[in-house]
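> Test case, fold it:
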Amino acid sequence: MKKKWLVAVSLLLLIMTMGIAVSSSAAPATYVHGVFSTSPLYVKDGGTGAWLTATSGNAIASWTENPLSSGNQGFYNAIVYVGSVKYEFRLINVTSTTADQINGNFHIYKNNALVASVSGTVYGLSQAVGNYYKFYDSASNWHVSGYITNRLDY
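Model prediction:
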């Protein structure tokens with residue numbers, strides 16, 4: 001009887017220890033995010049100061065909410081047309097991230113020519129499909145926005 005009791009207690013302690021070890025190493029429930037837009041709204045041209053209505057375009061933002069041991073990870077690219085004029089906003093490096101935004105340095109191209117290198121923030125990324133995200137540079141000279149048309153969080 002004592003052996004059965006000792007084996008049962010030992011097995012229970014082993015199971016509890018394994019459960020604690022596994023749960024402490026698990027990643028948060030939603031930790032990696034991806035937001036997609038095929039419906040752009042506006043562009044603010046920092047060179048002219050004009051607010052322009054987008055006619056077509058696409059954008060992708062993908063990032064880790066919590067920094068990895070190697071640092072924050074992120075990607076953002078938006079290509080938006082205003083008539084025949086092409087604007088592209090590219091994330092060059094990430095400085096920080098949250099569940100809602102990516103902060104970093106961006107290159108902005110107009111008709112494939114680099115026109116600005118700025119620090120800025122893409123935000124509104126935690127919202128549901130149908131809402132919109134925005135990008136502004138730190139001086140509020142450049143802007144792009146669009147409706148979130150799809151997302152993936154895991």
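> can you map out the strands along the protein?
Counting by DSSP state E, the chain has strands at residues 32-37, 39-44, 51-53, 56-64, 74-82, 85-97, 101-110, 113-123, 132-137, 143-147, 150-153.
> JSON lines for these, including mean pLDDT?
Below are the strands of the chain laid out as JSON lines (pLDDT from 0 to 100):
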{"stretch": "strand 32-37", "mean pLDDT": "95"}
{"stretch": "strand 39-44", "mean pLDDT": "98"}
{"stretch": "strand 51-53", "mean pLDDT": "98"}
{"stretch": "strand 56-64", "mean pLDDT": "96"}
{"stretch": "strand 74-82", "mean pLDDT": "97"}
{"stretch": "strand 85-97", "mean pLDDT": "96"}
{"stretch": "strand 101-110", "mean pLDDT": "97"}
{"stretch": "strand 113-123", "mean pLDDT": "98"}
{"stretch": "strand 132-137", "mean pLDDT": "98"}
{"stretch": "strand 143-147", "mean pLDDT": "98"}
{"stretch": "strand 150-153", "mean pLDDT": "94"}
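> Go through those and pick out the most buried.
strand 143-147 (a mean of 22; mean count of other Cβ atoms under 10 Å). In this view, the C-beta of every residue, glycine as well, is placed from N, C-alpha and C.
> In terms of secondary structure, what does it contact?
strand 39-44, strand 56-64, strand 74-82, strand 132-137 (3 or more Cβ pairs under 8 Å, 6 or more residues apart in numbering; DSSP states H and E).
> Just the endpoints, please. Distance across stretch 74-92?
Stretch 74-92 has an end-to-end distance of 9 Å (criterion: Cα to Cα, to the nearest Å).
> Need the residues that contact that stretch.
The contact list for stretch 74-92, computed with Cβ atoms under 8 Å, 6 or more residues apart in numbering, reads 37, 40, 43, 45, 52-64, 94, 97, 102, 104-112, 117, 122, 135, 142, 144, 146.
> what do you get for stretch 99-111?
30, 33, 45-47, 61, 63, 65, 74, 76, 85-97, 114-126, 135, 137, 142.
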